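> Take this sequence and fold it.
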Amino acid sequence: MQWEVVIGFETHAQLKTQSKIFSGAAIAFGAEPNTHTSPVDLALPGVLPVMNKTAVEKAIQFGLAVGATIAPESIFARKNYFYPDSPKGYQISQFEIPVVQGGFVTCVVEKDGKSEVKVIELTRAHLEEDAGKSLHEDYQGMTGIDLNRAGTPLLEIVTEPVMRSAAEAVAYAKALHALVVWLDICDGNMQEGSFRCDANVSVRPVGQKEFGTRCEIKNLNSFRFLEDAINIEVRRQIELIEDGGTVVQETRLYDPDRKETRTMRSKEDAMDYRYFPDPDLPPLRIGADWIERVRASMPELPAAARARFIAQYGISEYDAMIVTQSKAMAAYFEATINAADQNKPADQSAQAKQVANWLMGDVSSALNREGIDISAIPVSAAQLALLLQRIADGTISNKIAKEVFAVMWQAPSPDVQLVDQIIESQGLKQISDVGALEKIIDDVMAANQQSVEEYRAGKEKAFNSLVGQAMKATKGKGNPAQVNELLKKKLAS
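Purely as a prediction, here's the structure:
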């Protein structure tokens, strides 16, 4: 039987505020347990929550960025459950009327060597408070409770069940992560729990309209774990059904060491939480003037940056999608072009395409290898611009430029002239002297008469072999365009 995977997402983005969502207690990761709490967070008798205005504005920013509707009036509800790290016995959240309704996130999905732009529809995004944390490892036979995180403002972002593979889910998660960081509403630190993904996964026979029974995989804190967990859960559900079993709706955890998902608890439905409006919080009213003030304060959004890059620099839609995957990448792309503009290139479109190619190629490869973000890149935009200029003016070949880039990466320096220093000190300057190249080509042709005869007999591959021998003789320093041109002339004579 052929199976179709159905995935929906719930993502908790911790909002960048100075204090908690309903109290004045500070927010700081790594503080001593229970030092960042207040009577409100501890649920002491007689205390009342007060809404954090900045948290609301962060939610409005997100709603505007994804093209959603900002509810003119939304309400907070009590979500009732009893865990040790929830002092009140309930969580203040939003249920029937969330602050952000609808919207979409655009992402690039890589599949079978091809790239596809996919639009992921959002159901809603609502404000809520985080719970505390149970500490099991530090106490023999006991559990410690740290309430520093209790009351931290969260924006829970919920998608429609429109993703059909782990690859799509990861592409969406990366795009959403980049967006909230771009907007500066969340720091995106997955290791510290600032951006946590819950994946609702089910399977159904291809062609069936009804959804299968879903299982929720909680608190996935890396994109690699996210992809692994979904694929493993999909395989588990298919094997279970094909063996005659039934998928049970439940919440599961992913164990990366054992490469398995396992039961955490039975999955509750909304009715199990006994939602009702919180009597201590009035409705949240957001007027059009407030929305416009927030809109005016927002940075250029990724979609606007993509459109501008296409119009201003003449790059393709795909290239624009890639270089705007993060705000830092977009800034580096534009800074490289601006640095190169001092040299007044004749064709800015070709130059921008070259910058985009390097960002998608050598730069991204080095970042992935080192496991760092482009904001921490050791090669400055001005240095990369000069490196690309040295390719354009014939000082070095593209192949040699890759070697120079690798040296710059391993031995960084703030000096923009580092590029020229490396080229000079290591003798990497390209050979463009016609006389010198002609002598090398004559020697190569003399030593490879069979290839010469094969080319003259119509075998095009023989030409590539001769070019390779000529470049080898120049130790990779020969100007490739000149080598090709001179070799063709000599073979034709």
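> Can I get stretch 362-370 as CSV, trimmed to CA atoms?
Only the C-alpha atoms of stretch 362-370 are listed here, as CSV (Å, rounded to 0.1, in the frame of the first residue of the first chain):
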residue,chain,number,x,y,z
ASP,A,362,31.6,28.1,-0.9
VAL,A,363,30.3,30.4,1.9
SER,A,364,27.4,28.2,2.8
SER,A,365,29.6,25.1,2.7
ALA,A,366,32.1,26.6,5.1
LEU,A,367,29.3,27.8,7.4
ASN,A,368,27.7,24.4,7.5
ARG,A,369,31.1,22.6,8.0
GLU,A,370,31.9,24.9,11.0
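> And that stretch, what's buried?
362-363, 366-367 (16 or more other C-beta atoms under 10 Å). No exception for glycine: its C-beta is placed from N, CA and C like everyone else's.
> same question, stretch 240-258
Neighbour-count burial for stretch 240-258, counted by 16+ other C-beta under 10 Å, picks out 241, 247, 250-252, 254.
> Mind checking which of these are in strands?
250-252, 254 (DSSP state E).
> ok, which pair from those is furthest apart?
The distance between the two most remote of those (C-beta to C-beta) is 13.4 Å, for 250 and 254.
> what residue lies at the spatial centre of the chain?
The centroid of the chain falls nearest to residue 174 when counting by C-alpha atoms, centre = their mean (3.4 Å).
> measure that residue to residue 221 for me?
14 Å (C-beta to C-beta, to the nearest Å).
> Which residue ranges of the stretch 351-493 of the chain form helices?
Here the stretch 351-493 of the chain has its helices, by DSSP state H, counting those that start in this stretch, at 364-370, 381-392, 398-410, 418-425, 434-447, 449-456, 461-473, 480-492.
> Same list (the ones you listed) but as TSV, adding mean pLDDT.
Shown next, in TSV, are those (pLDDT from 0 to 100):
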stretch	mean pLDDT
helix 364-370	93
helix 381-392	93
helix 398-410	92
helix 418-425	92
helix 434-447	79
helix 449-456	80
helix 461-473	80
helix 480-492	77
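> Residue 50: what's its closest spatial neighbour, skipping adjacent residues?
Distance criterion C-beta to C-beta, 6 or more residues apart in numbering; nearest residue to residue 50, sequence neighbours excluded, is residue 22 at 6.1 Å.
> Poorly predicted segments of the stretch 201-350 of the chain, please.
Where the stretch 201-350 of the chain drops to pLDDT under 70, the residues are 267-270, 341-347.
> And the strands in it?
For the stretch 201-350 of the chain, applying DSSP state E, counting those that start in this stretch gives strands covering 215-220, 250-255, 260-266, 276-277, 284-285.
> returning to what we had before: highest mean neighbour count out of the helices of the stretch 351-493 of the chain?
helix 381-392 (a mean of 21; mean count of other C-beta atoms under 10 Å).
> quick check: longest strand of the protein.
strand 114-129.
> So which elements touch that one?
Counting contacts by 3 or more C-beta pairs under 8 Å, 6 or more residues apart in numbering; DSSP states H and E, strand 114-129 packs against helix 53-65, strand 90-93, strand 100-101, strand 104-111, strand 153-159, helix 166-182, helix 317-323.
> Dump the ones you listed to JSON lines, plus distance to residue 395.
Listed next are the helices and strands packed on strand 114-129 as JSON lines, based on distance: least, C-beta to C-beta, whole Å:
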{"stretch": "helix 53-65", "distance to residue 395": "43"}
{"stretch": "strand 90-93", "distance to residue 395": "61"}
{"stretch": "strand 100-101", "distance to residue 395": "52"}
{"stretch": "strand 104-111", "distance to residue 395": "34"}
{"stretch": "strand 153-159", "distance to residue 395": "49"}
{"stretch": "helix 166-182", "distance to residue 395": "35"}
{"stretch": "helix 317-323", "distance to residue 395": "26"}
